[in-house]
Every structure is written in structure tokens, then in C-alpha cells.
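Asker: Quick one: sequence and predicted model below, then my questions.
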Amino acid sequence: MSKNSTLSPWSVASRVLAALVGGYALAYGFAAFLSVYLPLARPDRVSFAGMLSFAVWTAAAIYVFAAGSATRAWLWLAGLTLVMGLAAFLPSELGVRP
């Protein structure tokens, strides 16, 4: 983006929606992933993952507004959420679910 370009209202609205909804989904996927894989007792890993998910949501919101385009921000958020969610919900051999 050049210095003189302005963002359209639709781009700003898309970024706000990505920061709110996409950031929330990413934070949930991250918390679910950590709730399964952290080597702590279940109550400890769930509470630690829940607290850390707020930092993930904040970082996602910062990234959305720093990204080159709203499309790129949506794709990164969707991809990371999909990876974290699949990694958290697929391992049945561990015998745990978030």
C-alpha cells in the first residue's frame, strides 16, 4: 500500500469483522489446541490456554490491520484456525477432548 492510498469503507468493515470474528475463531482454536497438548493437569492446561487465548485474539486483531489486504488477513486467519482446530479435534488416541 502506498502512503497516499486510502482504505475503502468496505475494506475497513471487512478488517473489523475479521478482527472480531476471525480473531475469536483463531483464539478458540488455539485454546482448544493447547487444552489437548499442554503437559499439565487438565484444569491447569484449560485455564492456561484460556488466558493465553486473549493474547492470541489481540495479536490477530493487530495483524488484521497490519496486513496488506483484507483478503490476505482473512486467508491467514482461516488457515491458522483450520490447522489449530484440526490438530485439536482429530487426535482420538490421546483420549482427551477440549
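Answerer: Structure's in. What do you need?
Asker: Could you double-check that L34 sits in contact with R45?
Answerer: Yes: counting by C-beta atoms under 8 Å, R45 is a contact partner of L34 at 6.5 Å. All C-beta atoms are positioned from the backbone trio N, CA, C, and that covers glycine.
Asker: Per-residue pLDDT of the residue most central in space within the chain, please?
Answerer: Centroid-nearest residue in the chain: L26, 1.9 Å away (criterion: C-alpha atoms, centre = their mean). At L26 the predicted local distance difference test score is 95.
Asker: Which helix or strand contains it?
Answerer: Using DSSP states H and E, L26 sits in helix 23-37.
Asker: P43 now?
Answerer: Taking DSSP H and E as the definition, one finds P43 inside helix 42-66.
Asker: Quick one: low-confidence residue ranges for the chain.
Answerer: For the chain, the stretches with pLDDT under 70 are 1-5, 91-98.
Asker: thinking again about what came up before, quick one: work out the angle between the helix holding P43 and helix 23-37.
Answerer: For helix 42-66 against helix 23-37, the angle by axes from the mean of the first three to the mean of the last three C-alpha atoms, to 10 degrees is 150 degrees.
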